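Trainee: Here you go, sequence then predicted model.
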Amino acid sequence: MLLSAGERAASTAKARVLRGRMLAPEDFDRLLECETVGAIATYLSRTEAYGGYFAEGARPETMRRWELEELIAVAPVVEEIPFCHYLGAVRASILRAWGGRFDVEIVKRMLRIITTGVGDRDAVRRWVGSAPVTTVDGDKLIASRTLRDILEAIRGRPLERAIGEPLRRALSSGSQKVTEETLFHIKTAMDSFFVTHIYSEAGRLPVNERRHVRALFGVRADLINLYWIYRGRKFFGMSPEEALAMTLPVRHRLNFELLGSFAFAPDVKAMTALMRESRYGPAFEDEEQASTSSDAERTSLVEMALEHNLYRFLWAAAVRIFASGSSGVHVPLAYLTLRELEVKDLFTIIEGVRYHFDTRRLRGFLIHPDASVSGREGRTRWLS
């Protein structure tokens, strides 16, 4: 019991210190004023949150987009590792499972390189070299040239249980080409594996920690289920049965009956209307404007806003854990969640600067409630 209390106290204290080093709303103000990727990199190199990721003697002002994105993308998974040193086997296994989610991105990148020729194999190699890869053989994955090679890279590893079957189905089709829908299925299978695993592992924790971990990942499961049904019906023309079958076995605030009502709505418009009435409904406010728009770019931007609106619910769930004042592995998980979402905001700013979006448009896509337009205008009170 004393060891358990020490684990909780040490990891919680570290998480609170690191949260205090995250970017402040004022930092986002300065970043949004930057006119080049190099200027963004220079600013980040001087912050406590990211300065340590720049090599000694680096010239951030010369960095290109992909270089900066590679550098900051590994921050959440790299920062997960030290927490494990404070924790016993059960809590450390939950944190490692969280970090393993980032292996998904590596697999996705390699699938795209193999099937479309788009992507940078060296960039994937650098990613593997800077962050631990736990659910796949990293060396075999980087060397993969075919889907069969990908299968070999995951053989006997945790990811084989998640995506082995979808990959074998793609191979049985006789084509090396993987469609967007197939990639979507593979991505959802990996997400399902990790969220379900973490949710299950939380059952080994004391009651209070278990409740907080399951609340955090329950919100994530809700958002995943909601978004999968939405995308499956709207973009891939899935039947209601197919869309519902893709959902996670984890249920939090959206039960099976409610998810079924979304999936079996008569059409996409009716489905979206039902989603708008759910507890996550405010995230769909911008989507309504896109339903009558024929402007492809406008629709794409609204879809991006929807995704980030959903992420704001996850941000709020993580903040609630800090506000609870409790200690346990749920606090590092809440910090790492906030860090992951902060990196997503930085990606948005980097992309916006590259394509010369105006500042207000960029703010509309930010997840951080005190940096986004909706947060500053008081339109995200529904997150509380």
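Mentor: Arrived safely. Residues are numbered from 1 along each chain as shown.
Trainee: ok, now which ones touch W315?
Mentor: Each residue near W315 by CB atoms under 8 Å, 6 or more residues apart in numbering is listed here: T337, L338, L341, I367, H368, P369, L383. All C-beta atoms are positioned from the backbone trio N, CA, C, and that covers glycine.
Trainee: ok, the fifth one - contacts?
Mentor: Translated: H368. Counted by CB under 8 Å, 6+ apart, H368 has contacts L23, P25, F28, W315, L341, E342, D345, G375.
Trainee: And it, what's its pLDDT?
Mentor: If you check H368, the pLDDT there is 95.
Trainee: Compute the distance between it and D267, please.
Mentor: 35 Å (CB to CB, to the nearest Å).
Trainee: what's the helix or strand that contains A270 packed up against?
Mentor: In this assignment (DSSP states H and E), A270 forms part of helix 268-276. Counting contacts by 3 or more CB pairs under 8 Å, 6 or more residues apart in numbering; DSSP states H and E, helix 268-276 packs against helix 207-235, helix 256-263, helix 285-290.
Trainee: List the contacts of it.
Mentor: 226, 229-230, 233-234, 261-263, 265, 281, 284-285, 287-288, 291.
Trainee: Swap in 10 Å and give it another go.
Mentor: Residues outside helix 268-276 that contact it (CB atoms under 10 Å, 6 or more residues apart in numbering): 226-227, 229-230, 233-235, 237, 240, 243, 254, 258, 261-265, 267, 281-285, 287-288, 290-292, 306.
Trainee: For ChimeraX, write the select line for the buried members of those residues.
Mentor: Filtering the contacts of helix 268-276 down to the buried ones (16 or more other CB atoms under 10 Å) takes a single ChimeraX command:
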select :226,227,229,230,233,234,240,243,254,258,261,262,263,264,265,282,283,284,285,287,290,306
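Trainee: isn't K187 right next to V104, touching?
Mentor: Yes - under the criterion of CB atoms under 10 Å, K187 makes contact with V104 at 6.8 Å.
Trainee: And those two? Which one has more around it.
Mentor: Set side by side, K187 and V104 show more neighbours around V104, with 21 against 18, by other CB atoms under 10 Å.
Trainee: Pretty sure L141 is one of the things the more buried one touches, is it not?
Mentor: No - the criterion here is CB under 10 Å, and V104 misses it with L141 at 11.8 Å.
Trainee: so what sits against both of these two?
Mentor: L159.
Trainee: Low-confidence regions, the protein specifically.
Mentor: Along the chain, the parts satisfying pLDDT under 70 run over 1-3, 174-178, 287-299, 373-384.
Trainee: so where do the strands sit in it?
Mentor: For the chain, applying DSSP state E gives no strands.
Trainee: Of the contacts of H368, just say which sits nearest to T146.
Mentor: L341 (35.0 Å; CB to CB).
Trainee: Count the neighbours of V118 for me.
Mentor: Look at V118: counted by other CB under 10 Å, it has 8 neighbours.
Trainee: I meant to write V17 there.
Mentor: Using other CB under 10 Å, V17 has 10 neighbouring residues.
Trainee: cool, R253 as well?
Mentor: By other CB under 10 Å, neighbour count at R253 equals 14.
Trainee: wait, doesn't it sit right on R279?
Mentor: Yes - counting by CB under 10 Å, R253 does reach R279; the two are 5.6 Å apart.
Trainee: Which residues are in contact with each of these two?
Mentor: In the contact map built from CB under 10 Å, 6+ apart, the residues linked to both R253 and R279 are D222, F313.
Trainee: which neighbours do K187 and V104 share?
Mentor: Both K187 and V104 are contacted by I163, under the criterion CB under 10 Å, 6+ apart.
Trainee: and F264, what does it touch?
Mentor: I229, R233, S239, P240, E241, A243, L244, A270, M271, L274.
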